[in-house]
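Visitor: Sequence plus predicted model, see below.
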Amino acid sequence: MKELNILYCYLVHGLDRSKDDYGFIKQRTEELFGKVFENQENKEIQNLIYCYCSTSHTGLKSRDHLIVTSRNDFIEFKEFFENTIIKELNDNKEKYNNFEGVKCNIYISISGHSLGGLISRGLIKNIFSVYTFDNVQYDNYLDYLKKVNSFITDIKPCSFLTLSSPHLGSLVSGASTTSSIQKKIEKIGTHVFCDYLISNIGKELVFKDDKIKNNEYFKDNKPILYQFCEKEYIEDALAKFPNRTLTGFLRYDLQVKYCTAFACIESPLEELKQEKDSIIPDENKTVDTRIIAISGYNDGPEFDYYKKGLYNEKVLEGFYYDNTRILEPPNIDEQIKQNLIKKGENPDDANDESKNIFLVDNECQSEIPIYILKKFNSIPYRRVSIDLLLPRGLDRVGTHGACLGTKWTIFDKECIRNMAKKTVNFYSSVLIADFIWTSGQNDLYSL
């Protein structure tokens, strides 16, 4: 044996929820990993996996300040890393020849659903901040682990995967921006929910940090979501993960709209509907789910690998089809420019941070500050647009969480469980495919 690769998947649930939300994804990820890396005993390269579902912000704890929940998750992330992963590696040193002549690489993947995606970003910032232990300062937490555990060759970031997370906040546009009674009610309900019902995090999600009494985290008049897009969160932390994938739903996600999940201000839905051979299903006749479009993979060896190892009808049966659209990454600067021109404003104002301009997306769903739109997109992302059409009626209210396989919907129906199996399998497959690619084992293993 010459090399041991370990995948540490840290899974972060959303608002008011619990670790059970990631239960099916955890189980499927471990199953897939075992299937891909079976019969390794006599091989020179071996692979292990550890999946952990966070608990530090369970239930109402998730309503605390984003800074607080992120910090608590960092503590939990460390505890599992040191008390389980590193402890078990130390306890089993003899199995690995005491790591003499054996490379030990640990790969970190972090996934968050809904609010969990924002908490994950705060967690990642904490991981890569200066770390002090016993009065000794280290560049960051991973640097500390490598220096106090000499058998570790390297610790490498791998995947950052979000499932319908409000990266640009949850501020919905005013009720006057739509003529639909249903959408007016939805907008008013969202305003009430965020402003009055979910404590600190609700106000932070809609940029009303100044309305929180004695708010020590509202610094320099910058809402926390603005702070979460600063250099120390994005370029110095999140950018270290080579595989950054944003996923979400094209429609019917009441909690997190498309543009905030994908960090843009233009949804491609209407344009895709107008295509000659449109692949957008009829919402009145369809009860199913599939990938509609993907973007952000680099042409060449990277995209060739993912097409062969993930995005095909064999690996993602009944979820990915050969007619899935491959889109160009969104041109954020151009989207901002055209939005400002449409409003009759000077497009040069986009570069004036002091103006603090908010834009309404092309579906009149969300109000988004140019500041965080530009800052968050200072690094590129992969984007996977999913259509999840639950049965018409009350079930569609549960679109936001149905992808997890847990009981978010009003009724427990077989058709919904079957759709969840596809989405759960997809999220797990992304984590495994990213690990194979990042660890350089794509010539040896595949899904």
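Guide: Yep, that arrived. Residues are numbered from 1 along each chain as shown.
Visitor: how far does the longest helix along the chain sit from the chain's center?
Guide: Secondary structure of the chain per DSSP state H: the longest helix is helix 414-438. From the chain centre to the centre of helix 414-438 is a distance of 14 Å (Cα atoms, centre = their mean, to the nearest Å).
Visitor: What are the buried residues along that helix?
Guide: 416, 419-438 (16 or more other Cβ atoms under 10 Å). Glycine gets a C-beta too; all of them are placed from N, C-alpha and C.
Visitor: quick one, helices of the stretch 201-350 of the chain?
Guide: Using DSSP state H, counting those that start in this stretch, the helices assigned to the stretch 201-350 of the chain run over residues 224-227, 258-261, 269-273, 301-309, 332-342.
Visitor: I'd like those helices written out as TSV, with mean pLDDT and mean neighbour count added.
Guide: Formatted as TSV, those follow (pLDDT from 0 to 100; neighbours: other Cβ atoms under 10 Å):
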stretch	mean pLDDT	mean neighbour count
helix 224-227	97	23
helix 258-261	96	26
helix 269-273	96	14
helix 301-309	97	15
helix 332-342	95	16
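Visitor: Name the residue closest to the centre of this structure, please.
Guide: Closest to where the C-alpha atoms of the chain average out (Cα atoms, centre = their mean) is Thr162, at 1.1 Å.
Visitor: That residue looks like it's in a helix, true?
Guide: No. Under DSSP: H, G, I helix; E, B strand; the rest coil, Thr162 falls outside any helix and is assigned strand.
Visitor: Test my guess that it contacts Gly112.
Guide: Yes. Contact criterion Cβ atoms under 8 Å: Thr162 and Gly112 qualify, at 5.4 Å.
Visitor: What about the nearest residue to Phe80 once chain neighbours are set aside? Give its phi and psi, please.
Guide: Nearest non-adjacent residue to Phe80, counting by Cβ to Cβ, 6 or more residues apart in numbering: Tyr52, 4.8 Å away. Tyr52 adopts backbone torsions of phi -140, psi 130, taken as degrees, to the nearest 10.
Visitor: beta partners of Tyr52?
Guide: Beta-bridge partners recorded for Tyr52 (DSSP bridges): Tyr10.
Visitor: Tell me the pLDDT of it.
Guide: Per-residue pLDDT puts Tyr52 at 98.
Visitor: my guess is it meets Tyr10, correct?
Guide: Yes. Using Cβ under 8 Å, Tyr52 makes contact with Tyr10 at a distance of 5.6 Å.
Visitor: joint contacts of the two?
Guide: Counting by Cβ atoms under 8 Å, 6 or more residues apart in numbering, the shared contacts of Tyr52 and Tyr10 are Phe80.
Visitor: Neighbour count: those two, which is higher?
Guide: Set side by side, Tyr52 and Tyr10 show more neighbours around Tyr10, with 24 against 20, by other Cβ atoms under 10 Å.
Visitor: distance of the more buried one from Leu32?
Guide: Remark: distance between Tyr10 and Leu32 (Cβ to Cβ, to the nearest Å) = 17 Å.
Visitor: do Leu163 as well
Guide: In terms of Cβ to Cβ, Leu163 sits 17 Å off from Leu32.
Visitor: before we move on, what about Lys285?
Guide: Applying Cβ to Cβ to Lys285 and Leu32 gives a distance of 32 Å.
Visitor: Could I get the full set of strands for this structure?
Guide: 3-12, 45-53, 103-113, 131-133, 136-138, 154-163, 243-249, 288-295, 325-326, 358-360, 367-369, 382-389 (DSSP state E).
Visitor: How far off centre is the shortest one?
Guide: With Cα atoms, centre = their mean as the basis, the distance from the averaged C-alpha position of strand 325-326 to the chain average is 20 Å.
Visitor: Give me the contacts around it.
Guide: Residues contacting strand 325-326 (Cβ under 8 Å, 6+ apart): 272, 279, 292-295.
Visitor: Select, from those, the two members most distant in space.
Guide: Maximum pairwise distance in the contacts of strand 325-326, criterion Cβ to Cβ, is 15.1 Å, between Ile279 and Ser295.
Visitor: Compare neighbour counts for the two and give me the winner.
Guide: Ser295 (19 against 16).
Visitor: show me the contacts for the more buried one.
Guide: 326-330, 382-383.
Visitor: Out of these, the closest to Lys78 would be?
Guide: Nearest member of the contacts of Ser295 to Lys78, counting by Cβ to Cβ, is Arg382, at 27.8 Å.
Visitor: How about the closest one: which residues does it bridge to?
Guide: Applying DSSP bridges, one finds that Arg382 bridges with Thr245.
Visitor: Show me which of Leu163 and Leu32 is the more surrounded one.
Guide: Between Leu163 and Leu32, Leu163 has the larger neighbour count (other Cβ under 10 Å), namely 30 against 18.
Visitor: Fine by me, thanks again.
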